[in-house]
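> just a sequence and a predicted model for now, questions to come.
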Amino acid sequence: MTVLVIGASGQIGQFLLPRLADAGADVLAVSRQPPADSRWLVGALPDAMPELPALDAVISLGPLDHLAPWLSATRLAGTPHVIATSSMSAETKRDSDVPEERELSRRLRDAETTLIATCASRGMPWTLFRPTLIYGAGVDKSLTPIVHAALRRRVFPIPAGRGQRQPVHAEDIAEAIMAALGSPFARGHTFPIGGGERMSAAEMFRRVRRSAGGPTLPAPIPRLALDLAALVSPAMRGPIRRLDSDLIADNRELERVLDVHPRPFRPRPETWWPPR
């Protein structure tokens, strides 16, 4: 099996590539900045992709709104199975008060529609995953920067937040992609995928602090202070208001069809640093 992996250097790719190698796949890994001394291909979506051979599968771990136009404009040999990650933001930010977030949601949903239509017109099977907040490889842009900043300053902010969170480990997404690659029942499905546990936003931050690997002073941020910050800074309005919104995924189809059961949220100090 020849598999193209786009965005292979990201957090999901770190767990996916070894699994593909163990499965005996011939992997073509593409990245804008391949690791040194690697045999990866240099390329980027949507208009800087290298020439490709016939493929059995295309796995995209990067922005879906870059994949969809490339796929639509490219005639791939054969009918490879297209597996791509979207985001639960396609739904959770649909009615956001922040115009940029509503636009992101629209772009994701439009990209999903374009990808599905392109695959259907060419007889290519497809599978989409909509992850919640991704963590686990120490390179995410959400929780890891908070940990690193807190360790430098020795203060860990814990904002008040009643909304439910369901962080999903990048390795569990890699496992789901492998399951989809080997299952005919995954074709034509969009799978929400969240972690194996739900908790309040405040509890999520408390667990992250406990796992930071160094001493930090907890600094609870009351709701009034957050509301004032949202008034003063329009850029903070969306993230602050989402603290009381549920950002979760229904894993029932994932578990039923693919038999994938993501882990609960139990981060450790090594969670917040890239593997050496």
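Everything's here; your move. Predicted model only: the values in this text are computed from it and were never measured.

> quick check, residue 203 in a helix?
Yes. Counting by DSSP: H, G, I helix; E, B strand; the rest coil, residue 203 is located in a helix.

> is the residue lying closest to it once chain neighbours are set aside in a bridge, and if so with what?
Nearest residue to residue 203 in three dimensions, chain neighbours excluded: residue 165, at 8.0 Å (CB to CB, 6 or more residues apart in numbering). Glycine gets a C-beta too; all of them are placed from N, C-alpha and C. Beta-bridge pairing for residue 165 (DSSP bridges): residue 199, residue 247.

> does residue 165 touch residue 200 like I think?
Yes. Counting by CB atoms under 8 Å, residue 200 is a contact partner of residue 165 at 7.0 Å.

> compare those two (neighbour count), which wins?
Set residue 165 next to residue 200 and count neighbours by other CB atoms under 10 Å: residue 165 wins out with 26 against 17.

> wait, what's in contact with that one?
For residue 165, the contact set (CB atoms under 8 Å, 6 or more residues apart in numbering) comprises 132-133, 198-201, 203-204, 247-248.

> tell me which other helices or strands the lowest-mean-pLDDT helix or strand in the chain touches.
Least confident helix or strand, the chain: helix 234-241 with a mean of 81, by mean pLDDT, DSSP states H and E. Identification of packing neighbours for helix 234-241 by 3 or more CB pairs under 8 Å, 6 or more residues apart in numbering; DSSP states H and E yields helix 223-232.

> tell me the gap between the helix it packs on and the middle of its chain.
Taking CA atoms, centre = their mean, to the nearest Å, one finds helix 223-232 lying 29 Å from the centre of the chain it belongs to.

> what angle separates that helix from helix 234-241?
150 degrees (axes from the mean of the first three to the mean of the last three CA atoms, to 10 degrees).

> only alpha carbons, please: show helix 223-232 as CSV.
The C-alpha coordinates for helix 223-232 follow below in CSV (Å, rounded to 0.1, in the frame of the first residue of the first chain):
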residue,chain,number,x,y,z
ARG,A,223,-15.6,35.5,35.9
LEU,A,224,-15.9,39.3,36.5
ALA,A,225,-12.2,39.8,35.5
LEU,A,226,-12.8,37.7,32.4
ASP,A,227,-15.8,39.7,31.4
LEU,A,228,-13.9,42.9,31.8
ALA,A,229,-11.1,41.5,29.6
ALA,A,230,-13.6,40.6,26.9
LEU,A,231,-14.9,44.2,26.9
VAL,A,232,-11.4,45.7,26.7
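
> buried ones in it?
Within helix 223-232, the residues scored as buried using 16 or more other CB atoms under 10 Å are 226, 230.
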